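K.L.:
Build the 3D model from these lines:
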Amino acid sequence: MLVECPAEKPMNLKRGFFRLWLVGSVLFSAAVAVYSAPSITEEFNEKSAFDQYLQRDPDIMAYQKMLRNVGVDARYAMLGRVAVIAIGVPIGVLVIGAGLFWAASGFKTRQLPRGPP
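P.N.:
I've put the predicted structure just below:
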């Protein structure tokens, strides 16, 4: 059974695709969080390879101590990468989709208003 839209109310594709993007973004971000949670917790529980590398070179160790003094910790690197993926990919998809809608809107035909003959 096909459902036809009345001529007065055409389907709003922008709203529908935005809602679809919103649901997809939430699901994608949740999947990234679930997939990367073990590696993030492992990074905070164990000494990372980066920390082990830093202990070999006193100059780098001093730089790392300076970074920690201002609040930057090497253990947040994985968390930052995951956040960029979980937020950046959906925003990129939104930008591409908006660009496609903008490009497609240039192909619409304009209907001239009909006046009395």
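K.L.:
State the mean pLDDT of the longest helix along the chain.
P.N.:
In the chain, taking DSSP state H as the definition, the longest helix is helix 13-45. What helix 13-45 shows for mean pLDDT is 88.
K.L.:
Report the buried residues of that helix.
P.N.:
Of the residues in helix 13-45, those buried by neighbour count under the rule 16 or more other CB atoms under 10 Å are 25, 28-29, 32, 36, 40, 43. Where you see a C-beta, it was placed from the backbone N, CA and C, and this is true even at glycine.
K.L.:
Excluding sequence neighbours, find me the nearest residue to Ser36.
P.N.:
Excluding its sequence neighbours, the residue lying closest to Ser36 (CB to CB, 6 or more residues apart in numbering) is Val82, at 4.5 Å.
K.L.:
mean confidence score for whichever helix or strand Ala103 is part of?
P.N.:
Per DSSP states H and E: Ala103 is located in helix 76-105. Averaging the model's pLDDT scores along helix 76-105 yields 88.
K.L.:
Now do that helix: which elements does it pack against?
P.N.:
The criterion is 3 or more CB pairs under 8 Å, 6 or more residues apart in numbering; DSSP states H and E, and the helices and strands that helix 76-105 contacts are helix 13-45.
K.L.:
got the angle between the helix holding Ala103 and helix 13-45?
P.N.:
170 degrees (axes from the mean of the first three to the mean of the last three CA atoms, to 10 degrees).
K.L.:
Spatially nearest residue to Ala33 (excluding sequence neighbours)?
P.N.:
Here the residue nearest Ala33, using CB to CB, 6+ apart, is Ala86, at 6.6 Å.
K.L.:
For the one you found, which residues are in contact?
P.N.:
Applying CB atoms under 8 Å, 6 or more residues apart in numbering to Ala86 gives the contacts 28-29, 32-33.
K.L.:
same deal with Ala37?
P.N.:
By CB under 8 Å, 6+ apart, the contact set of Ala37 is empty.
K.L.:
I'd like the numbering to begin with 438 instead of 1 from here.
P.N.:
Happy to do that; since the first residue is 438 now, the last one works out to Ala474.
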